[in-house]
Structures are given as structure tokens and as C-alpha cells.
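Sequence and computational prediction follow.
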Amino acid sequence: MFDSLFADGRTPVIGMVHLPALPGAPKFDGDRDQIVEAATRDAERLDAGGVDAVMVENFGDAPFYPDDVPKHVVASMTRATRAVVETVDVPVGVNVLRNDGDAAVSVAAAAGADFVRINIHTGARVTDQGVIDGKAHETMRLRDRLDADVAVLADHDVKHSAPIAAQGFTAESVADGVERGLADGVVVSGTGTGHETERSDLEHAVERRDANDLDTPILVGSGVSAETVSEMLALADGVIVGTALKEDGDVGKPVSVDRVRELVEAARQ
């Protein structure tokens with residue numbers, strides 16, 4: 001399902017639209033319109049720089065709800081995502097932090113987005129929000145009930161977390177996320193936002209996919225830069241980039257068109 005979004009067969013560069021704090025979050029500044037303005041500004045800059053897709057995320061909402069955000073978060077995310085969908089011509093994704101897959105699918109379906117990212121889809125992880133269980137059984141059934149043509153990207157060994165399992169436990173494997181969780185793609189990331197993804201982790205994920213004869217794209221989910229993107233794409237089927245595309249490489253600043261173009265050009269080479 002995810003591959004069908006990129007008909008030319010290229011390995012996609014997905015740029016992040018990091019939303020400011022939404023209403024109800026501690027850092028919300030009281031300006032609802034500014035949230036949409038910031039989202040569409042960054043989406044336009046990403047599109048102008050040549051990305052293949054964008055993904056909207058409630059990045060400013062820390063501290064995050066673990067796995068069930070309030071209705072007002074869903075409403076604000078839907079408004080911002082719809083504005084992005086109407087602004088760009090590339091596919092649009094949604095990630096509802098920390099791990100509300102049902103909300104992400106609902107927002108995507110209502111806003112006309114194309115895919116979602118779910119950080120903990122199968123297994124269980126220890127996070128700064130406490131212990132979070134994967135709810136693939138609920139999310140995939142909800143997608144069917146909503147008749148939503150929305151691809152699901154599921155993280156493997158997601159950043160800002162650790163597994164609750166003995167080393168090598170199968171619930172943490174790439175194969176389980178795809179075969180039992182029915183994910184349409186797998187995301188491999190570093191230890192935190194902007195942290196480089198270890199090549200050995202990426203190699204392991206690709207190895208596990210190939211060993212299980214799975215035809216599933218694997219994307220790098222953090223730490224990609226113009227200097228490393230070609231190396232990552234030698235193994236991965238796409239990249240998700242946020243920090244490196246911001247002014248001065250600062251995740252809290254707006255997107256820089258020049259930095260987007262530099263990274264996209266490196267990826268195409």
C-alpha cells in the first residue's frame with residue numbers, strides 16, 4: 001500500500017511538519033491560527049525543496065499522552081493536517097504522539113491524508129510516558145471499519161524507548177510487525193530525535209525482512225542528513241527527515257528550503 005504512493009518507484013524522502021504546541025498543551029501560546037500558519041509554511045517549504053511526502057506530527061505537545069490523546073488534540077491535528085493536504089500535492093502522513101494509532105488513522109481518514117506512523121505497533125516498550133503496549137489489533141480493525149485507504153508505518157525499536165523483553169524476543173522483530181501487526185512499512189530510528197540511526201540496526205532490519213521473504217519497505221526514521229542520506233538509501237527504501245531540514249539544523253526552527261534541496265539532491269544522487 002505504501003509503495004503505491006510513489007508511482008515512479010523512487011525511494012521517498014519524507015519531510016516532517018512539526019506542529020507547535022496545540023491547545024491544551026503546556027506550551028500552547030493561545031494562537032490557534034498560528035498553528036495552521038506554521039504547518040502550511042513548513043509544508044510549502046518542504047514541497048518547494050523537492051520532498052516526496054510530508055508528515056504532520058504534534059511535536060510541540062510534550063509531555064505527551066502515552067496512547068490515548070483527548071478529543072481536542074484529534075480536532076486540532078485534523079484541522080492542521082487538512083490544511084497541509086490542501087497546501088501540497090505530495091502524499092501526507094500523520095503521527096500522533098506519543099502513540100495513539102487510532103487517533104492517527106482517524107485524523108488521516110478525516111483529513112484526506114495517505115499514511116500514518118505508529119511508534120509502538122506491536123510488543124511493549126518502556127518510554128518517558130511509562131510502559132506502552134502496541135495496539136495493532138485495534139488500529140488495523142479501525143482502519144477497516146473506517147474504510148480508510150491509509151498505509152501504516154510501524155517503528156521497529158523506536159527512539160526514546162527500550163523493549164520489555166529478553167534480547168531477541170520475537171515480539172520486537174521486524175517480521176512480527178509486518179506478518180502479525182500487518183504494517184505496510186517499517187521504520188528504524190536512532191535513540192532520540194535527530195540522533196543518527198546506526199547502520200548495524202538498519203542492516204539487521206533489512207536482514208530480518210529478507211530472511212522472512214517479506215516485500216515491505218524499510219525507512220530510516222531519525223538522524224538523516226545531507227551527508228548521510230545516500231549511505232542510508234543504499235540499504236533503506238526511504239527516509240523520514242526533520243531536524244536536518246530546519247534552519248541551522250535546529251528542530252525548533254522553521255524548515256529551510258535550501259537545506260531541503262541540499263538533502264533531496266544528495267538523496268537523488
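Cool, got the structure.

quick one: the helices in this structure?
Listed in chain order, the helices of the chain (DSSP state H) span 32-49, 71-87, 101-111, 136-145, 174-179, 199-211, 229-233, 257-268.

Could you tell me the least trusted of these?
Lowest mean pLDDT of the helices of the chain: helix 174-179, a mean of 85.

CA atoms only: put that helix into PDB for me.
Presented in PDB, the C-alpha positions along helix 174-179 are these (Å, rounded to 0.1, in the frame of the first residue of the first chain):
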ATOM      1  CA  VAL A 174      10.600  -6.900  12.000                       C
ATOM      2  CA  ALA A 175       8.700  -9.900  10.900                       C
ATOM      3  CA  ASP A 176       6.100  -9.800  13.700                       C
ATOM      4  CA  GLY A 177       5.300  -6.100  13.000                       C
ATOM      5  CA  VAL A 178       4.600  -7.000   9.400                       C
ATOM      6  CA  GLU A 179       3.200 -10.500   9.500                       C
END
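
Show me the contact partners of that helix.
Contacts with helix 174-179, where a contact means C-beta atoms under 8 Å, 6 or more residues apart in numbering, come from 121-123, 136, 154, 156, 170, 183, 186, 205, 208-209, 211-212, 214, 216, 218. All C-beta atoms are positioned from the backbone trio N, CA, C, and that covers glycine.

Between the helices of the chain, which one is closest to Asp250.
Asp250 lies closest to helix 257-268 among the helices of the chain, at 10.8 Å (C-beta to C-beta).

buried residues in that closest one?
257, 259-264, 266-267 (16 or more other C-beta atoms under 10 Å).

Leaving out sequence neighbours, find the closest residue to the spatially most central residue of the chain.
By C-alpha atoms, centre = their mean, the chain has its centre lying nearest to Arg117, at 4.3 Å. In this structure, Arg117 finds its nearest non-sequential neighbour in Asn95, 4.1 Å apart by C-beta to C-beta, 6 or more residues apart in numbering.

dump the residue contacts of the one you found.
55-58, 104, 116-119.

Could you rerun that using 10 Å?
Asn95 is in contact with 16-17, 55-59, 77, 101, 103-104, 107-108, 115-119, 153, 155, 187, 240, counting by C-beta atoms under 10 Å, 6 or more residues apart in numbering.

bridging residues for it?
Assessed by DSSP bridges, Asn95 has beta-bridge partners Glu57.

pLDDT score assigned to it?
98.

And it, how close does it get to Met16?
Using C-beta to C-beta, to the nearest Å, Asn95 is found at 9 Å from Met16.

can you list residues touching both of those two?
Counting by C-beta under 10 Å, 6+ apart, the shared contacts of Asn95 and Met16 are 55-57, 59, 240.

Neighbour-wise, give me the winner out of these.
Each of those was scored for neighbours by other C-beta atoms under 10 Å, and Val56 scores highest at 30 neighbours.

I'd guessed that one sits against Ala43; true?
Yes. Using C-beta atoms under 10 Å, Val56 makes contact with Ala43 at a distance of 8.0 Å.

hey, what's in contact with both of these two?
The overlap between the contact sets of Val56 and Ala43 (C-beta under 10 Å, 6+ apart) consists of 17, 80-81, 83-85, 92.

Tell me the one of these nearest Pro23?
Proximity of these to Pro23, judged by C-beta to C-beta, is greatest for Ala80, which lies at 11.3 Å.

what phi and what psi does the backbone show at Asn58?
Phi and psi for Asn58, reported as degrees, to the nearest 10, are phi -80, psi 60.

What count of nearby residues applies to it?
There are 29 residues near Asn58, going by other C-beta under 10 Å.

pretty sure it is touching Asn99, no?
No. Using C-beta under 10 Å, Asn58 is not in contact with Asn99; the gap is 11.7 Å.

what do these two both touch?
What both Asn58 and Asn99 touch, as defined by C-beta under 10 Å, 6+ apart, is the set 64-65, 69.

Pull the number of nearby residues for the nearest residue to Thr87 once chain neighbours are set aside.
The shortest distance from Thr87 to any non-neighbouring residue, by C-beta to C-beta, 6+ apart, is to Thr40 (4.6 Å). Thr40: 17 surrounding residues under other C-beta under 10 Å.
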